[in-house]
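Trainee: Sequence and predicted structure are below.
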Amino acid sequence: MAQQTRTIETDCLEQWTKQYRGESSKGKCAAYIPALKEADPTQLGICVMGPDGQISRAGNYDAPFTLQSISKVISFLAACTHHGIANVLEQVDVEPTGDAFDSMVRLEMHKPGRPFNPMINAGAITVSSLLQGNGVQEKFLSFQDMVERMTGRKHQINEEVYRSEWQTANRNRSLAYYLAATGFLACPVEDALDVYIQQCSLEVTAEDIAKIGLILAHDGYDPIRKEQLFGKELARVTKALMVTCGMYNASGNFAAFVGVPAKSGVSGGIMAAVPPRGRSRELPFAGGCGIGVYGPAIDQYGNSVAGVALLKHMASAWDLTIY
Ligand code: DON
């Protein structure tokens, strides 16, 4: 784990984490994946990482959690790196839905049933089926490698969460069968589902997703290791998807009151990418940053309640918005 130097930014994060922890009582841990219900709902942690390696963190920043839907950003990056953006977008569109993340209503209403975007479950299952390799193991490895290239460490699946989701995945299973019927699945149904659930079960910390957010903020360039990991165009398409679809049917509210590309997961993680802000060199993290938040009590949209409240405060105080 990188070293943290005590800064004004860290002091602010510690104060705000204390201030917003109580917001978690307005939400609940996800229960439809039974293992996620076991988390302590009062946790709230944050890690912010700047391009020079500056790190500020507070609260439960070192608590491990599973990526869940945050993995959809990474599988999209991996699939596009392999096939090219245009080829992936033939199988999945880039339009927001305004529906819940696991909704299936639009698949049948809009022929031929191409999923609306890679951030909803239907689109993400299509993307998982497109990952490089033959069979579950190879496809999952190409996902896991993409995460490792960005965070610099190998991550493992949380087996309990994986099993819990596999056993209760009837809705995603039905989405996958529907996608296969309409020709939007590139591998057998059970394989696509298995890869998808494995990627959702990968265990990370707030610091890991802050690092991925930082790379996206810098258009695919890792400013710490000084390496271009994927192309600028891919980074921009991905950030546009995060802005329009990343917080699901709360994306408009998040864009209005936080104003940065972000992606949530039902385990309570939020990953955000704050591009460099030319407005003032005096602003905290003016050179851009990645933010990782963890707060497992989620709202009706599947977003961390305390996490969103903390980000709203922070965005206003530090003028983070891209608009
Ligand atoms: O497929 C699911 O339902 C979960 N594995 C992931 C959903 C999710 O994280 C939605 N996010 N807010």
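Mentor: Good, I have the coordinates. Residues are numbered from 1 along each chain as shown.
Trainee: So Glu90 versus Leu130, what's the distance?
Mentor: 10 Å (C-beta to C-beta, to the nearest Å). Just so you know, the C-beta spots here come from the backbone N, C-alpha and C atoms, and that holds for glycine as well.
Trainee: same question, Thr151
Mentor: Relative to Leu130, and taking C-beta to C-beta, Thr151 is found at 22 Å.
Trainee: Tell me which of those two has more neighbours.
Mentor: A side-by-side neighbour count of Thr151 and Leu130, using other C-beta atoms under 10 Å, places Leu130 first with 25 against 19.
Trainee: Just give the closest residue to the more buried one, not the sequence neighbours.
Mentor: Ala79 (4.5 Å; C-beta to C-beta, 6 or more residues apart in numbering).
Trainee: Identify the residues contacting the one you found.
Mentor: Val88, Val127, Leu130, Leu131, Gln132 (C-beta atoms under 8 Å, 6 or more residues apart in numbering).
Trainee: Identify the residue spatially nearest to the fourth one, adjacent ones excluded.
Mentor: Across the structure, with C-beta to C-beta, 6+ apart as the measure, the residue nearest Leu131 apart from its sequence neighbours is Lys139 (4.0 Å).
Trainee: other SSEs contacting the helix or strand hosting that neighbour?
Mentor: Lys139 belongs to helix 135-151 when assigned by DSSP states H and E. Applying 3 or more C-beta pairs under 8 Å, 6 or more residues apart in numbering; DSSP states H and E, one finds that helix 135-151 contacts helix 71-83, helix 121-130, helix 189-200, helix 206-217.
Trainee: Recalculate using a threshold of 6 Å.
Mentor: Judged by 3 or more C-beta pairs under 6 Å, 6 or more residues apart in numbering; DSSP states H and E, the packing partners of helix 135-151 are helix 71-83, helix 189-200, helix 206-217.
Trainee: buried residues in that helix?
Mentor: By neighbour count with 16 or more other C-beta atoms under 10 Å, helix 135-151 contains the buried residues Val136, Lys139, Phe140, Leu141, Ser142, Phe143, Gln144, Met146, Val147, Arg149, Met150, Thr151.
Trainee: what does stretch 85-99 give?
Mentor: Ile85, Val88, Leu89, Gln91, Val92, Asp93, Val94, Glu95, Pro96, Thr97.
Trainee: Redo those residues as a markdown table? Include pLDDT, secondary structure and distance to the ligand.
Mentor: Output for the buried residues of stretch 85-99, formatted as a markdown table (pLDDT from 0 to 100; DSSP: H, G, I helix; E, B strand; the rest coil; distance: C-beta to the nearest ligand atom, whole Å):
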| residue | pLDDT | secondary structure | distance to the ligand |
| --- | --- | --- | --- |
| Ile85 | 98 | helix | 23 |
| Val88 | 98 | helix | 19 |
| Leu89 | 98 | helix | 21 |
| Gln91 | 98 | coil | 18 |
| Val92 | 98 | coil | 15 |
| Asp93 | 97 | coil | 18 |
| Val94 | 97 | coil | 18 |
| Glu95 | 96 | coil | 18 |
| Pro96 | 95 | coil | 14 |
| Thr97 | 94 | coil | 13 |
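Trainee: Kindly export the helix holding Lys139 (C-alpha atoms) in CSV.
Mentor: Extracted C-alpha coordinates of helix 135-151, given in CSV (Å, rounded to 0.1, in the frame of the first residue of the first chain):
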residue,chain,number,x,y,z
GLY,A,135,-13.8,-20.8,-22.2
VAL,A,136,-14.4,-19.4,-18.8
GLN,A,137,-10.9,-19.6,-17.4
GLU,A,138,-9.2,-17.8,-20.3
LYS,A,139,-11.9,-15.1,-20.5
PHE,A,140,-11.7,-14.4,-16.7
LEU,A,141,-7.9,-14.3,-16.9
SER,A,142,-8.0,-11.6,-19.6
PHE,A,143,-10.2,-9.6,-17.2
GLN,A,144,-8.0,-10.3,-14.2
ASP,A,145,-4.9,-9.3,-16.2
MET,A,146,-6.5,-6.0,-17.1
VAL,A,147,-7.2,-5.2,-13.4
GLU,A,148,-3.6,-6.2,-12.5
ARG,A,149,-2.1,-4.0,-15.2
MET,A,150,-3.9,-1.0,-13.7
THR,A,151,-3.6,-1.7,-9.9
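Trainee: so for the helix or strand following it, what's the average pLDDT?
Mentor: Sequence-wise, the next helix or strand downstream of helix 135-151 (DSSP H and E) is helix 159-167. Mean pLDDT, computed over helix 159-167, is 98.
Trainee: tilt between helix 159-167 and helix 189-200?
Mentor: For helix 159-167 against helix 189-200, the angle by axes from the mean of the first three to the mean of the last three C-alpha atoms, to 10 degrees is 150 degrees.
Trainee: got the end-to-end distance for stretch 247-262?
Mentor: Distance between the two ends of stretch 247-262: 7 Å, counting by C-alpha to C-alpha, to the nearest Å.
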